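**Student:** I'll drop the sequence and a predicted model, then ask my questions.
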Amino acid sequence: MGLSGTSKSKIVTGEAGYVLEDVPHLSDYIPDLPTYPNPLKTNPAYSVVKQYFVHDDDTVALKIIAHKSSPRGLHFRRAGPRQKVYFDPDDVHACIVTCGGLCPGLNTVIREIVCGLEHMYGVKKVLGIEGGYKGFYSRNTVPLSPKVVNDIHKRGGTILGTSRGGHDTAKIVDSIQDRGINQVYIIGGDGTQKGASFIFEEIKKRGLKVAVAGIPKTIDNDISVIDKSFGFDTAVEEAQRAINAAHVEAESGENGIGVVKVMGRYSGFIAMYATLASRDVDCCLIPESPFYLEGHGGLFEFIEKRLKENGHMVIVIAEGAGQELLVESRHGTENKDASGNKLLRDIGLWLSQKIKDHFTKRKMLINLKYIDPTYMIRAVPSNASDNVYCTLLAQSAIHGAMAGYTGFTVGLVNGRHSYIPFHRITEKQNKVVITDRMWARLLSSTNQPSFLSAKDVVEDKKEEEASSQLLSNGDSANNLVKKEIVYE
Ligand SMILES: Nc1ncnc2c1ncn2[C@@H]1O[C@H](COP(=O)(O)OP(=O)(O)O)[C@@H](O)[C@H]1O
Ligand SMILES: O=P(O)(O)OC[C@H]1O[C@](O)(COP(=O)(O)O)[C@@H](O)[C@@H]1O
Ligand SMILES: [Mg+2]
């Protein structure tokens, strides 16, 4: 086996093309750390389970579809408890912080970190950092115990509060150092994980024995590498209620049109899955698939056709869709939120008005109802399957930190919990690939226009080149490079 890599990546190679992209370990920069037997060995719940501990060599493949001649691709370290731990449970002082937008399941993750630390490892000192990153240096903290967090998974939001902006690496690490914290659990999206990687680098620079573990959170499902994010299932389920309402309204009026806006700043996964799940949706509009209103193949033509056929229709639109159509009226100013995310204009409202104007001009009576359930979807508690998922993520993060791993995000990769280096999570976003089979399934289920013209270039050669590159660099199928498409 060989070890190589840049400061960013820790690559371990082996026989038969084996490549592990490992995560950092405290022993990488602190020599002679003492180890302790894992307390789970004497825990009655776990000690009876054969092979409970993860083998040191266990890895998880990033790509599970292989061709005859393709390399084995990249692997990540499998998550789970190790035989040895690098912390005496009595010495652990953990903290938890939630950052960025809300997402169903945040409280479940908090609960399970607190309970998992105490029940599995006997750790009793856990601190909640209030109000996101800036809470490390400008807000209160709250001691967390299994009793305090007992019921919180039944509530939406985060009991710790959250925020955008306020990431000051030096101040955060000063606070970690001053408080004697040695395990940091950071729950948040791509922005948060970028912040977490800076915190990890600073901790390493100062030579501190502090494990930094990220738990990826995104209601938009826009984090790459992982199969899906917690809360996403719940969001899709909750979106059904709004779509049902839009359908009932649309069915009841003459030429009824229901427009539902869902979240999805850059990625239209909620819109796509909510549409596929509902079967009541006639048209789904997402940021990845530019659309146009007027003319042949445009949205207005399709609406008119559907109304004539069915007398009603439902449109689901992701908030980031069609933003380019609004650009002209923005007068060049691009507003950003405290984290630097682009502020979007309300495409749902804009589109609803455009549809109304169009049919008024055509002297065709329509009844349009616009529903914006975005924050309602985000504020609900997680459903049963997300609760289980959150629990496993929290436990995997705890096992990793206790085993001395650091600078990692925990995530489900092809159905297996894995430790993923931060940069893999943050280097690009997960997006719906409109040349992929899932989007084709959606198009065939709604029978909506693809909004691609005859000029759209889909060159077989380019496609082949792109896919063979992907096989060798081990990228996930979810992140396939878009084929070159020319829009009229
Ligand atoms: N590039 C970055 N470097 C350091 N911190 C960041 C970066 N981007 C975002 N953050 C911090 O992460 C937190 C959440 O980021 P945000 O983008 O709002 O949400 P999310 O993490 O859900 O994507 C904020 O406190 C923000 O300051
Ligand atoms: O109004 P807020 O709190 O900024 O949140 C709105 C945004 O948050 C999101 O839910 C995503 O948030 P994150 O990047 O924090 O995961 C987007 O879909 C939405 O645009
Ligand atoms: Mg984000």
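**Tutor:** Here it is on my side, so go on. Numbers count the residues shown, from 1 in each chain. Ligands and ions are numbered 1, 2, ... in the order given.

**Student:** Burial check on the closest residue to ligand 3 within the stretch 301-450 of the chain, number of neighbours?
**Tutor:** At 6.3 Å from ligand 3, Asn341 is the closest residue in the stretch 301-450 of the chain, using C-beta to the ion. Placement of C-beta: from N, CA and C, glycine included. A count of nearby residues for Asn341, using other C-beta atoms under 10 Å, gives 16.

**Student:** wait, isn't it in contact with Arg164?
**Tutor:** Yes: assessed by C-beta atoms under 8 Å, Asn341 is found in contact with Arg164 at 7.4 Å.

**Student:** any residues in contact with both of those two?
**Tutor:** Gly191 (C-beta atoms under 8 Å, 6 or more residues apart in numbering).

**Student:** hang on, the earlier thing: quick one: the residue of the stretch 301-450 of the chain closest to ligand 3 from Leu351, how far?
**Tutor:** Asn341 sits at a distance of 22 Å from Leu351 (criterion: C-beta to C-beta, to the nearest Å).

**Student:** Just the CA trace of stretch 67-86, in CSV.
**Tutor:** Coordinates of each C-alpha in stretch 67-86 appear next as CSV, following Å, rounded to 0.1, in the frame of the first residue of the first chain:
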residue,chain,number,x,y,z
HIS,A,67,-17.3,-1.6,-16.9
LYS,A,68,-15.2,-4.5,-17.9
SER,A,69,-12.1,-2.4,-18.4
SER,A,70,-12.9,0.4,-16.0
PRO,A,71,-10.7,1.1,-12.9
ARG,A,72,-12.1,0.3,-9.5
GLY,A,73,-12.5,3.9,-8.7
LEU,A,74,-12.3,5.9,-5.5
HIS,A,75,-13.2,4.5,-2.1
PHE,A,76,-14.0,6.2,1.2
ARG,A,77,-13.4,4.9,4.7
ARG,A,78,-16.4,3.0,6.0
ALA,A,79,-18.0,4.7,9.0
GLY,A,80,-18.6,2.8,12.3
PRO,A,81,-17.1,2.0,15.7
ARG,A,82,-13.4,1.0,15.9
GLN,A,83,-11.8,-1.4,18.4
LYS,A,84,-9.6,1.4,19.8
VAL,A,85,-10.7,5.0,20.6
TYR,A,86,-8.5,8.1,21.0
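
**Student:** Show me which residues of this structure sit near ligand 3.
**Tutor:** Gly189, Asp190, Gly191 (C-beta under 5 Å from the ion).

**Student:** Between these, which sits nearest ligand 3?
**Tutor:** Gly189 (3.7 Å).

**Student:** For that closest one, list the residues it contacts.
**Tutor:** Counting by C-beta under 8 Å, 6+ apart, Gly189 touches Cys99, Gly100, Gly101, Pro216, Lys217, Thr218, Asp220, Asp222, Ile223.

**Student:** Isn't Thr13 up against Thr59?
**Tutor:** No: assessed by C-beta under 8 Å, Thr13 is found out of contact with Thr59, at 11.9 Å.

**Student:** Which one's more surrounded, these two?
**Tutor:** Using other C-beta under 10 Å as the criterion, Thr13 and Thr59 rank with Thr59 on top: 23 against 13.

**Student:** Tell me how far the more buried one lies from ligand 3.
**Tutor:** 28 Å (C-beta to the ion, to the nearest Å).

**Student:** what about the residue in the stretch 1-150 of the chain that ligand 3 sits nearest to, how many neighbours?
**Tutor:** Ranked by C-beta to the ion, the top residue of the stretch 1-150 of the chain for proximity to ligand 3 is Gly100, at 5.9 Å. Gly100: 24 surrounding residues under other C-beta under 10 Å.

**Student:** what's the span of stretch 336-355, first residue to last?
**Tutor:** When the termini of stretch 336-355 are compared using C-alpha to C-alpha, to the nearest Å, they are 28 Å apart.

**Student:** Which parts of that stretch count as buried, going by neighbours?
**Tutor:** Ser339, Asn341, Leu344, Arg345, Ile347, Gly348, Trp350, Leu351, Ser352, Lys354, Ile355 (16 or more other C-beta atoms under 10 Å).

**Student:** which among the contacts of Gly189 are in contact with ligand 2?
**Tutor:** Gly100, Gly101, Thr218, Asp220 (C-beta under 6 Å from any ligand atom).

**Student:** for the helix or strand harbouring Lys354, packing partners?
**Tutor:** Per DSSP states H and E, Lys354 falls inside helix 347-361. In terms of contacts (3 or more C-beta pairs under 8 Å, 6 or more residues apart in numbering; DSSP states H and E), helix 347-361 is packed against strand 256-262, helix 299-310, strand 312-318, helix 323-326, strand 367-371.

**Student:** Other residues contacting it?
**Tutor:** 255, 257, 259-261, 285, 293, 300, 303-304, 315, 317, 319-323, 325-326, 365-366, 368, 370, 372.

**Student:** that older thread, between the residues of the chain next to ligand 3, which sits nearest Thr234?
**Tutor:** Proximity of those to Thr234 (C-beta to C-beta) peaks at Gly189, which lies at 15.9 Å.

**Student:** hmm, back to that, possible to save the buried residues of stretch 336-355 as CSV with pLDDT?
**Tutor:** Shown next, in CSV, are the buried residues of stretch 336-355 (pLDDT from 0 to 100):
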residue, pLDDT
Ser339, 88
Asn341, 85
Leu344, 88
Arg345, 88
Ile347, 96
Gly348, 97
Trp350, 97
Leu351, 97
Ser352, 98
Lys354, 97
Ile355, 98
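
**Student:** hang on, Ala401 in a helix?
**Tutor:** Yes: the assignment for Ala401 is a helix, going by DSSP: H, G, I helix; E, B strand; the rest coil.

**Student:** Now it. Nearest residue, chain neighbours left out?
**Tutor:** Ala211 (4.0 Å; C-beta to C-beta, 6 or more residues apart in numbering).

**Student:** And Met120, by the same measure?
**Tutor:** Using C-beta to C-beta, 6+ apart, the closest residue to Met120 is Leu40 (6.0 Å).

**Student:** Tell me who's in contact with that neighbour.
**Tutor:** Taking C-beta under 8 Å, 6+ apart, one finds Tyr46, Ser47, Tyr52, Phe53, Pro81, Met120, Tyr121 in contact with Leu40.

**Student:** so the fifth one touches Ala397, yeah?
**Tutor:** No: using C-beta under 8 Å, Pro81 is not in contact with Ala397, being 11.9 Å away.

**Student:** Show the pLDDT at the residue in the stretch 1-150 of the chain positioned nearest to ligand 1.
**Tutor:** In the stretch 1-150 of the chain, the residue that lies nearest ligand 1 is Gly100 (2.3 Å; C-beta to the nearest ligand atom). Per-residue pLDDT puts Gly100 at 97.

**Student:** picking that back up, wait, a helix at the residue nearest to Met120?
**Tutor:** Yes: counting by three-state DSSP, Leu40 is part of a helix.

**Student:** is it true that Ala379 touches Gly156?
**Tutor:** Yes: the criterion here is C-beta under 8 Å, and Ala379 meets it with Gly156 at 4.4 Å.

**Student:** Need the residues touching each of the two.
**Tutor:** Shared contacts of Ala379 and Gly156, counting by C-beta under 8 Å, 6+ apart, come down to Leu102.

**Student:** Those two - which one has more neighbours?
**Tutor:** Gly156 (18 against 14).

**Student:** any idea where the strands of the stretch 201-350 of the chain begin and end?
**Tutor:** 211-216, 256-262, 283-285, 312-318 (DSSP state E, counting those that start in this stretch).

**Student:** need these in a markdown table with mean pLDDT and mean neighbour count, can you?
**Tutor:** Formatted as a markdown table, these follow (pLDDT from 0 to 100; neighbours: other C-beta atoms under 10 Å):
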| stretch | mean pLDDT | mean neighbour count |
| --- | --- | --- |
| strand 211-216 | 98 | 29 |
| strand 256-262 | 98 | 27 |
| strand 283-285 | 98 | 25 |
| strand 312-318 | 98 | 28 |
